[in-house]
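J.: Fold the following for me, if possible:
(2 chains)
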Amino acid sequence: MIDLRHQILYPIVIIVVIISHTACDNSFDPTDRENGTYSVHGMLDLMEESNYVRVRNMNAPFTLEATEDLEATVTLQNLESGEITQLRSSVREYRGVYLHTFSYNEKAIPDTGYLLTVEGSDGFQTQLETVTPTHPEPQIIREDNGCTTPVNMVFDPMNGGTLTVRFGTELDTEEEDGMWGRMITFDPSNYDDKVSITFTPLRRAQGVMASFGTCFTVLPDRNLYVAIAHYSPGFYEELNADVTDILETTRRFGGFYADTLAIPVDPSR
Amino acid sequence: MVPLIFIFWCTGLELIQAQDGAFLRVVTINGEDGTPMTGATVTLADPRSEDPPEMYCVTDRDGLCEIRNIKAAIELELAVSFVGFQRHVESIQFESGERKLVRITLHPAVGEMDELVVTRQRYLTTGEVGIQRITSEQISRTPSPVAGGDLASFLQSVPGVITSGDRGGDLYIRGGTPDQNLILVDNMPIIKPFHISNLFSAFPDNIIQNADLYAGGFEPGYAGATSAVLDVGLRPGNMREHSASASMSPYVAGLQVEGPLQTDRSSFLLNSRYSLIDQTGSFLTGEDQNIRFADILGRYTVQDENITCSVTGLYTYDSGEIVPLREVDHSWTNIAAGARCLAFSETFNHPIDASAGFTSYRNEEGTPEQRERLSIVNQIYVAMDFKNDIGRLPVDIGFGMTMKTYRLELSERFTRFVSLENLDVTVPVGYVFTATEWSVGDDITFYPGFTSQFTLEMPLTFEPRLRVAWQPGGSEQSQISLATGRYVQMHSGISDERDAGTVFTVYQPVETGDPFPSAIHGLLGYNQKLGQSVSFNLEGYAKRHYNIPVSKWNPEPRIELETALADGLTIGFDFRLSLEEPQYYATVSYGWSMSEYEAVSGDLGAWVEEPVFSYSPAHDQRHKLNITGGRHILGFDLDARWELGSGKPFTEIFGYDFSIRLPFENPNTSPGTARILYSEPYNGRMPWYHRLDVSISRDLELGESSRLETQLGVINAYNRRNIFNFDYGTLQRVDQSPFHPYLSLRMIL
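T.: Alright, predicted model coming up:
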């Protein structure tokens, strides 16, 4: 038995002591520090005078102390002119966390490339590039404003952007939502150079109202409304994809504008 | 139809089968309480020979064993022995082809320890690789904050058995996940009989006859699991005297009543426990312990000369927070009722085992105000097991049928998982198996067999299995054994393994046309006895799992019930050294394993560049060392257990973000939605953990028929801060139990 103790038990005790010593450190940091990066959520709205970009150090947990200083500069470069603008930071506190928002106080130019750069004090950079949508003037082509007269609406040029369209018969008010049909999406896979939509106001209005009523009943405002949203190439897809890629869900920057057109209709025709 | 054919075939053969050699069937009864005795050694020897007896067997949990091919017309000596009991010896003689059933009662030895006739279990049972035979004595001496002990505490000292921490009630066995385990309690399939505190199960030491843990390579008789089997045998109530016990500790209070309804013929056993930790935990540890559990077991046993039957009812309840502060309540219940009969008349060539019953498992999760998820599995089962001799080969044949009903309800926030919402489906699953035993010479024995499962809509499965035992040189001191086989299950359990803070599991059948989860096991073991008191065991194993449904990943911490199929490989080895002496014992065990899953990245939703993504799942614990020991000194029993484990994988936090729904929300006016994002799955490892539990106990005789068992102990004796998980919801580190002293008492009347 003594031999056995010397040969087996004592070495085991020594191994245990060594292992337990190495196992003393039980500190735990759940954050993947090697992925230090910034999250960016912002867009250039062609209809706005100022645009905003939210920037966050993703390694900073949700505490005031960790989020007080972003320690980053944010610039926006117009890739056509080469002009670089440093965006102005503003900080607000929300539920124990400081939020850093950067503003660009110039109107964005359609069909123009922009490069957004977030640079940390350590030199680490996050860059996002976009091309603003073309913002074409919609062309309405029709013989008259009759309720059943076909209308051809054309957006040209598109330059790879995505256009969403919804027809409606009543506008939103502060109190309640208007009457709108389903969203129709035109992305580069289903148009060539331009988006061309042909419709008859009556049929569209009937579709919105889910009714076979007449022009008088389905178009109470005597207008068929068309809500459009035009996105930078790839920006709409990025916002709506069921993505699992973290970088795609935390780096969202693109150009956009939204508008609503009113197409007058004469129900008596 | 298939079962009917089997019944006809098997019972017909049972009655008409002729047998050339004589055989002896022994039933060993404990003289103290009239119940079957497990592990008694039965030998049959020529009294004139000085050689060790070649004919022997060891009684099983029914107190039963058989010796076959006995030479006729020779006077032999039948001896039955068990540690602490008087040895029984009698002369016996057989005629050619004679079958004998002998009931032997062993009485406790009296007198000083030195005078006891201590007969060690001299023989290795065969083909033991991957199997851990667990006795109630082993359970009782594992430090546990309850008088006696608990199976759950003991299992955590077994190499290859991993838990998610000190709560949750999930067992990962040699790379398998909880839903890949089959847990049988007197043949009743129970899905999760482990309590929310991992120190407890529904099985305290004083209701267990024995338990067999098959960590892999299990026999054809077990169907429906791809990783491991835990087969728990409950003991019958005392057949001779009424007794009652009440126990109390800061963790649980318990009550047990048992006794004969008809002496030596029928008995009952009632056992119940209720947790107190939620009321005492904050006082003893300074931390709130918002967990509750309870269990009730009732058992009726009737035995006759050649048959024994039992009816068992079990109810378990668990509720509480796995992660404090998260305000997510988990709860699960098991309800089971089953009957089992074993007929072993000498008119049968082999015993016949039949069982039937109903079990129900329900687990749910939600806020204290509202249940959000619910998964229920109901099972109505029937199983029969026969043996027959075909030629000279004993052939074990069995079949069973289980009607499984799966129910699932998900609240509105999860109803986008159209395929799973409000699932309510019943699937009949049948199985047949056959196994035999074939010896080559005196040294090598093969145990081949196969299992086949079937449903109404799915193809038959073919699951060949083989165990081989080799005792080099015919020595009883050493054995090399291997086991291999294919294993299939027709259901799956889906949980978010990335989050140890949730134990909710969705159980569902494999959909028609989908591949079955399956596995191939390979195990090789070496067992050596060194002298009379030291044994050494070394096992290597590999498990290859196919078609494991894993929750699809997303960057945000929430369960995703859409699944992808992964394949997994686990390799490892276990080493165990045991020293057993009457006054002290020690066991050192070490297990190393490595588990790796791989799946198509696109299916997983993994944001990685490789088309096939390999990762270490959450239960991939590489190193686990256990040292247990105890000594009987000055009337006290001192027991200690030290456990050391390497850190398990976890998914690091990639970052903290406020998501803004562009273009509908403006970054200047809308704060967005706070969210924490997972990094690449399982890219980090938690720190090592270790814990020392010690206890000192003493039994005080208070009279002729009353005894007080006392135990003073402490869990986590040096107050190590062992991490349980990091809760992504509350952004808090959650630790396992701190220093937790206890005093437990059990009064037995």
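
J.: Looking at residue 124 now. What's its pLDDT?
T.: The chain I'm using is chain A. pLDDT, residue A:124: 85.

J.: The intended chain is chain B.
T.: Taking residue B:124 on its own, its pLDDT is 42.

J.: State the number of residues packed around residue B:30.
T.: Residues lying near residue B:30 (other Cβ atoms under 10 Å in any protein chain shown) number 22. Every C-beta, even on glycine, is put in place using the N, C-alpha and C of the backbone.

J.: pretty sure it contacts residue B:59?
T.: No. Residue B:30 is beyond contact range of residue B:59, at 10.6 Å (criterion: Cβ atoms under 8 Å).

J.: between these two, what contacts are shared?
T.: The contact sets of residue B:30 and residue B:59 overlap at B:36-37 (Cβ atoms under 8 Å, 6 or more residues apart in numbering or on different chains).

J.: Pick out the residue of the stretch 151-300 of chain B closest to chain A.
T.: Per Cβ to the nearest Cβ, residue B:165 is where the stretch 151-300 of chain B lies closest to chain A, at 13.2 Å.

J.: In three-state terms, label that residue for me.
T.: Three-state call for residue B:165 (DSSP: H, G, I helix; E, B strand; the rest coil): coil.

J.: and the nearest residue to it once chain neighbours are set aside, what does it touch?
T.: Spatially, and ignoring its direct neighbours in sequence, residue B:165 is nearest to residue B:724 (4.0 Å; Cβ to Cβ, 6 or more residues apart in numbering or on different chains). Residues near residue B:724 by Cβ under 8 Å, 6+ apart: B:164-167, B:323, B:500, B:734-736.

J.: do the same with residue A:107
T.: A:46, A:48-49.

J.: Can you tell me which of the residues you listed are classed as buried?
T.: A:46, A:48 (16 or more other Cβ atoms under 10 Å in any protein chain shown).

J.: Make JSON lines out of the contacts of residue A:107 and add secondary structure and distance to chain B.
T.: As requested, these are exported to JSON lines (DSSP: H, G, I helix; E, B strand; the rest coil; distance: Cβ to the nearest Cβ, whole Å):
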{"residue": "A:46", "secondary structure": "coil", "distance to chain B": "11"}
{"residue": "A:48", "secondary structure": "coil", "distance to chain B": "9"}
{"residue": "A:49", "secondary structure": "coil", "distance to chain B": "12"}
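
J.: and residue B:673, how many neighbours does it have?
T.: By the criterion of other Cβ under 10 Å, residue B:673 has 12 neighbours.

J.: Same check on the one 3 residues further on?
T.: Burial measure for residue B:676: 20 neighbouring residues, criterion other Cβ under 10 Å.

J.: does it have beta-bridge partners, and which?
T.: With DSSP bridges as the criterion, residue B:676 is bridged to residue B:656.

J.: confidence score at it?
T.: For residue B:676, pLDDT reads 82.

J.: Likewise for the one 4 residues further on?
T.: Here the pLDDT value assigned to residue B:680 is 77.

J.: What of residue B:547?
T.: 90.

J.: got it, and residue B:241?
T.: Reading off the model, residue B:241 has pLDDT 88.

J.: before we move on, what about residue B:662?
T.: pLDDT, residue B:662: 88.

J.: Kindly report the same for the one 5 residues further on.
T.: pLDDT, residue B:667: 92.

J.: ok, it touching residue A:48?
T.: No. The criterion here is Cβ under 8 Å, and residue B:667 misses it with residue A:48 at 11.7 Å.

J.: Could you find the residue in chain B that comes nearest to chain A?
T.: Counting by Cβ to the nearest Cβ, chain B gets nearest chain A through residue B:655, at 2.6 Å.

J.: give the contact list for that residue.
T.: Going by Cβ under 8 Å, 6+ apart, the list of residues near residue B:655 reads A:31-32, A:35, A:37, A:39, A:58-59, A:246, A:250, B:676-677.

J.: Could you dump the residues you listed into CSV with distance to residue B:93 and secondary structure added?
T.: Shown next, in CSV, are the contacts of residue B:655 (distance: Cβ to Cβ, whole Å; DSSP: H, G, I helix; E, B strand; the rest coil):
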residue, distance to residue B:93, secondary structure
A:31, 78, strand
A:32, 77, coil
A:35, 81, helix
A:37, 86, coil
A:39, 88, strand
A:58, 85, coil
A:59, 84, coil
A:246, 80, helix
A:250, 86, helix
B:676, 78, strand
B:677, 79, strand
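
J.: quick one: which of those is most hemmed in?
T.: Result: residue A:39 is most packed of the contacts of residue B:655 (other Cβ under 10 Å), 26 neighbours.

J.: and that one, what are its bridge partners?
T.: Bridge pairing for residue A:39 - DSSP bridges - gives residue A:56.

J.: For the residue nearest to the spatial centre of chain B, give the beta-bridge partners.
T.: For chain B, the residue whose C-alpha lies nearest the mean C-alpha position (Cα atoms, centre = their mean) is residue B:230; its distance is 2.7 Å. Beta-bridge partners recorded for residue B:230 (DSSP bridges): residue B:183, residue B:213.
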